[in-house]
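K.L.:
please work out how this folds:
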Amino acid sequence: MGGSRQNVTFPSNGRTAHGYLALPPTGTGPGLIVIQEWWGLTSHVASVVDRFAAEGFVALAPDLYGGTTTHDKAEAARLLREMPAERAAQDLRGAVDFLLEQPQVAGDSVGVVGFCMGGGLALVLAAQEGDRVAAVVPFYGLPKDPGFDYRGLTAHVLGHFGEHDRSNPVAAVDEAAIRIGEATDRRPEIHFYPAGHAFMNDENLIGTYDALQARIAWQRTLSFLRGHLG
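P.N.:
Prediction:
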């Protein structure tokens, strides 16, 4: 268990949600939601938010666990299991509302990047929010429901997955890409990397961080977001 990196609050369906917000050096830029892994709003997630801000984005990571973080796999599984799905959806919608209301945010839509659990939630949020999400980037994560209905998704989609990730087999990723293409007019851009799960997370405890593949995925993500936001 540990402490979360919270520095901002925003309304969420009548209650208060928390998150970590970082502004770009210029003070303004496209809005970007960063959705946590199952470990919570950890220092790693905060560092990703800071990196996006340094690249020109107004980046916000909602805290879906209400302040709890962990580095224990069993505890993370429990937190994910106990996270009310509807509350998480409300918090993510509230985060989009909050970002679009900020004077520092350029444009009338945002991007969404999610990791692991957050990758699946990013796709769900994009389908729920329609034109308010212009670009979505799931890293090694898909919706929990393999039959998820992607109708409503209008965002451009860039996906990053590890070839050796047993939690997101290549066949499952391919199936999701086909479902997105059938339900929308989007053809997802999917990249597979010679890596395992969570290869972007330099703090991950399962030993699958891959600096080279992380760098490649990061550059692809920046180019993609800059092409579709702002």
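K.L.:
from here on, just use CA atoms for contacts and neighbour counts.
P.N.:
OK.
K.L.:
what about the strands in this structure?
P.N.:
Using DSSP state E, the strands of the chain run over residues 2-3, 8-12, 15-22, 29-35, 58-62, 68-69, 105-115, 133-139, 156-162, 189-193.
K.L.:
would you list these in JSON lines and tack on distance to Arg215, mean neighbour count and mean pLDDT?
P.N.:
Output for those, formatted as JSON lines (distance: least, C-alpha to C-alpha, whole Å; neighbours: other C-alpha atoms under 10 Å; pLDDT from 0 to 100):
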{"stretch": "strand 2-3", "distance to Arg215": "28", "mean neighbour count": "13", "mean pLDDT": "50"}
{"stretch": "strand 8-12", "distance to Arg215": "29", "mean neighbour count": "17", "mean pLDDT": "93"}
{"stretch": "strand 15-22", "distance to Arg215": "21", "mean neighbour count": "20", "mean pLDDT": "94"}
{"stretch": "strand 29-35", "distance to Arg215": "18", "mean neighbour count": "27", "mean pLDDT": "98"}
{"stretch": "strand 58-62", "distance to Arg215": "19", "mean neighbour count": "29", "mean pLDDT": "97"}
{"stretch": "strand 68-69", "distance to Arg215": "25", "mean neighbour count": "20", "mean pLDDT": "92"}
{"stretch": "strand 105-115", "distance to Arg215": "15", "mean neighbour count": "23", "mean pLDDT": "97"}
{"stretch": "strand 133-139", "distance to Arg215": "13", "mean neighbour count": "27", "mean pLDDT": "98"}
{"stretch": "strand 156-162", "distance to Arg215": "12", "mean neighbour count": "23", "mean pLDDT": "98"}
{"stretch": "strand 189-193", "distance to Arg215": "11", "mean neighbour count": "15", "mean pLDDT": "98"}
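K.L.:
need those in a markdown table (columns: distance to His228).
P.N.:
Below are the strands of the chain laid out as a markdown table (distance: least, C-alpha to C-alpha, whole Å):
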| stretch | distance to His228 |
| --- | --- |
| strand 2-3 | 34 |
| strand 8-12 | 26 |
| strand 15-22 | 20 |
| strand 29-35 | 10 |
| strand 58-62 | 15 |
| strand 68-69 | 32 |
| strand 105-115 | 8 |
| strand 133-139 | 6 |
| strand 156-162 | 8 |
| strand 189-193 | 13 |
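K.L.:
lowest average confidence, helix or strand, in the chain?
P.N.:
strand 2-3 (a mean of 50; mean pLDDT, DSSP states H and E).
K.L.:
returning to that earlier point: the strands of the chain: which one's closest to Ser223?
P.N.:
Ser223 lies closest to strand 156-162 among the strands of the chain, at 10.6 Å (C-alpha to C-alpha).
K.L.:
the closest one pairs with which strands, and in what direction?
P.N.:
strand 133-139 (parallel), strand 189-193 (parallel) (DSSP bridges).
K.L.:
noted, bye for now.
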